[in-house]
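In: got a predicted structure plus its sequence, pasted below:
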Amino acid sequence: MNAEAPHARPRESVDAAEIHKFDALAGRFWDPAGEFGALHRLNPLRLKYVADRAPLAEQAVLDVGCGGGILAEALARAGARVTGIDLAAAALATAELHALESGVTVRYRLTSAEALAAEQPESFDVITCMEMLEHVPDPASVLGALARLVRPGGSLFISTLNRTPKAFLLAIVGAEYLARLLPRGTHEYARFIRPSELARAARAAGLELAHLAGIGYPPLTRQFRLEPRVDVNYLAHLTRPAAAPP
């Protein structure tokens, strides 16, 4: 028989090598001077972008690809009821330990977006998926799962890298090999995602693109900021249309 079992695990967009890569660095997630220092400097901008466009207090928020919990804890401190999911077990263990030490309440789960969407559809008011889509083999599959997880009228926030020569030079050659802001091998250029590709996949999943902004990093100030150009890093605010009244 070819029929799928009623409780078969949904197809997941997973790259075991990527999971291993981040698990190997799990113990250094919370070192602002270490391999994830750039994420610590970027985190206030990510949080502000989300908070400026969606309410967080007492909202059910899901952080997909949460890693060691840097953004998840910030969302919880902003008043959200946060669930963080990841497939890197060591990274989740780091996140759980840090939350315990810092007194921040975050629920962490070792699961994929696709599996959680099958289990808890339409359960979250806000979903964040930051610096994650460029690490999976099928971003459209993850985006479809996020669309199923968010409630009608809810918001999704994505950050990723544009597939441009400038992004290759700055995010890989510059950040990984010259400035050493990130570990070498963090990114694969072929997996970078053009905004048009993200928008097309979002439409196919029933989502609407509400806002797009680039992320700049002036070398003199060393502070991340929003900017109109989206040719390297960018943030996207997607929405799921509210259900029509009966």
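Out: Sure, I can see it.

In: rest of the way, CA atoms for contacts and neighbours
Out: Noted.

In: may I see the buried residues of the longest strand anywhere in the chain?
Out: In the chain, assigned by DSSP state E, the strand with the most residues is strand 150-161. Buried residues in strand 150-161, counted by 16 or more other CA atoms under 10 Å: 150-152, 154-161.

In: helices and strands around it, which ones?
Out: When contacts are defined as 3 or more CA pairs under 8 Å, 6 or more residues apart in numbering; DSSP states H and E, strand 150-161 sits against strand 124-130, strand 233-239.

In: how about the ones you listed in JSON lines, adding distance to C66 and mean neighbour count?
Out: Listed next are those as JSON lines, based on distance: least, CA to CA, whole Å; neighbours: other CA atoms under 10 Å:
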{"stretch": "strand 124-130", "distance to C66": "8", "mean neighbour count": "23"}
{"stretch": "strand 233-239", "distance to C66": "16", "mean neighbour count": "23"}
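
In: save those strands as JSON lines, and put in mean pLDDT too.
Out: JSON lines is the format used below for the helices and strands packed on strand 150-161 (pLDDT from 0 to 100):
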{"stretch": "strand 124-130", "mean pLDDT": "98"}
{"stretch": "strand 233-239", "mean pLDDT": "97"}
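
In: mind giving me CSV with these and columns for distance to D52?
Out: Below are the helices and strands packed on strand 150-161 laid out as CSV (distance: least, CA to CA, whole Å):
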stretch, distance to D52
strand 124-130, 13
strand 233-239, 11
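
In: I'd like to know which of those strands is closest to I85.
Out: I85 lies closest, by CA to CA, to one member of the helices and strands packed on strand 150-161: strand 124-130, at 10.1 Å.

In: ok, that closest one: who's next to it in the sheet?
Out: strand 60-64 (parallel), strand 150-161 (parallel) (DSSP bridges).

In: nearest to E188, of those strands?
Out: strand 150-161 (10.3 Å).

In: I'd like the distance from the closest one to the chain centre, please.
Out: Here strand 150-161 is found 10 Å from its chain centre; the criterion is CA atoms, centre = their mean, to the nearest Å.

In: number the residues from 49 up from this point.
Out: Got it, first residue is 49 now, which makes that one strand 198-209.

In: avg pLDDT for that strand?
Out: Averaged over strand 198-209, pLDDT sits at 97.
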